[in-house]
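Asker: need a structure here:
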Amino acid sequence: MELEAVKLIAGALVMIPAFGAALGLGMYFKAYAEGVARNPQAKPELDKNFFLILAFIEALGIIPIGLGAAMLFG
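Answerer: Alright, predicted model coming up:
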């Protein structure tokens with residue numbers, strides 16, 4: 001197998017966690033919106049951790065994209 005083909009396969013495989021992070025973000029936003037819709041008085045408490053957890057989930061998606069780009073172009 002050529003080195004270029006191996007790079008492309010590795011770059012594609014490293015994107016699988018990014019897809020999982022995208023699904024996780026969707027589920028997290030859905031749960032947050034549902035929680036605020038059910039109990040609007042709880043919004044200040046939900047907002048405390050919302051952006052912190054959002055950043056962690058987003059980082060789980062950005063890191064594999066960076067690794068994949070490094071494998072493909074590095």
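Asker: going forward, measure contacts between C-alpha atoms and count neighbours the same way
Answerer: Fine.
Asker: so which bits of the helix or strand containing L52 are buried?
Answerer: According to DSSP states H and E, L52 maps onto helix 43-73. Burial within helix 43-73, assessed by neighbour count using 16 or more other C-alpha atoms under 10 Å, is assigned to 57-58, 60-62, 64-65, 68, 71-72.
Asker: which elements pack onto it?
Answerer: Applying 3 or more C-alpha pairs under 8 Å, 6 or more residues apart in numbering; DSSP states H and E, one finds that helix 43-73 contacts helix 3-13, helix 16-38.
Asker: L52: which of those is closest?
Answerer: The closest of these to L52 is helix 16-38. By C-alpha to C-alpha, the value is 12.1 Å.
Asker: ok and that closest one relative to helix 43-73, angle-wise?
Answerer: Using axes from the mean of the first three to the mean of the last three C-alpha atoms, to 10 degrees, the inter-axis angle of helix 16-38 relative to helix 43-73 is 170 degrees.
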